[in-house]
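*Asks:* when you get a sec, could you give me coordinates for this:
(2 chains)
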Amino acid sequence: DSGVTQTPKHLITATGQRVTLRCSPRSGDLSVYWYQQSLDQGLQFLIQYYNGEERAKGNILERFSAQQFPDLHSELNLSSLELGDSALYFCASSVLTGDTEAFFGQGTRLTVV
Amino acid sequence: DQQVKQNSPSLSVQEGRISILNCDYTNSMFDYFLWYKKYPAEGPTFLISISSIKDKNEDGRFTVFLNKSAKHLSLHIVPSQPGDSAVYFCAASSNTGKLLFGQGTTLQVKP
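*Replies:* Numbers count the residues shown, from 1 in each chain, chains lettered A, B, ... in the order given. I've put the predicted structure just below:
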């Protein structure tokens, strides 16, 4: 158990809909990362937050947004969903940003039908 | 723009032998490198890391080597065990905040 909790574990929704994925980081971790893994491909970096503020952005679509709340949990919002958005979405947390290992949650499997 | 690359999608070794997984990177700003192991339907698990000021870090059966001039790192597993069979990802980070991953290498250790 990494200490990072992601909910829900599975999500099935229709095209055009909006969903919210939630991540609770390890106790004491200030940094949260979001990744997308499609079809057993690599982990695509989406976005990182550090202590409530956006720190780095990767290949995140404009239809996607995220935030980190004062209690440090984070949410990834995916809107106007398309079939191609079906993927595993992972959240990871770390104490700092850079020079430190990140610990991953179990992921949320999103299926868009 | 793939800044972290694992060019071998798969590797098969015999139990007890050495497994060598390779990773190349393009961004000289990376200053911290990590290896993760992933089983199907689970999140990646941190294995070992190395700072750019070092060229080797060892933890039990796992050793990571860093060659900064070649922008290359490798993970050695000795001896390999069947339980090591998984997908291995290398990752690199800098103080910009991005933690970028390679495409992964599937390791199969045969009994």
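
*Asks:* quick one: is the lowest-mean-pLDDT helix or strand in chain B near chain A?
*Replies:* Across the helices and strands of chain B, the lowest-confidence element by mean pLDDT, DSSP states H and E is strand B:99-101, at a mean of 91. Yes - for strand B:99-101 and chain A, the contact criterion (CB under 8 Å from any CB of the partner chain) is met by B:99-101. All C-beta spots, glycine's among them, are computed from the backbone N, C-alpha and C.

*Asks:* how about low-confidence regions in chain B?
*Replies:* By pLDDT under 70, the weakly predicted segments of chain B are B:1.

*Asks:* who in it is up against chain A?
*Replies:* B:31-32, B:34, B:36, B:41-46, B:49, B:51, B:89, B:93-104.

*Asks:* beta-bridge partners for the residue nearest the centre of chain A, please?
*Replies:* Central residue of chain A (CA atoms, centre = their mean): residue A:34, 3.3 Å from the mean position. Applying DSSP bridges to residue A:34 gives these bridge partners: residue A:47, residue A:91.

*Asks:* cool, residue B:91 as well?
*Replies:* Bridge pairing for residue B:91 - DSSP bridges - gives residue B:34, residue B:101.

*Asks:* which residue ranges of chain B form strands?
*Replies:* Using DSSP state E, the strands of chain B run over B:4-5, B:10-14, B:19-25, B:32-38, B:45-51, B:56-59, B:62-67, B:72-77, B:86-93, B:99-101, B:105-110.
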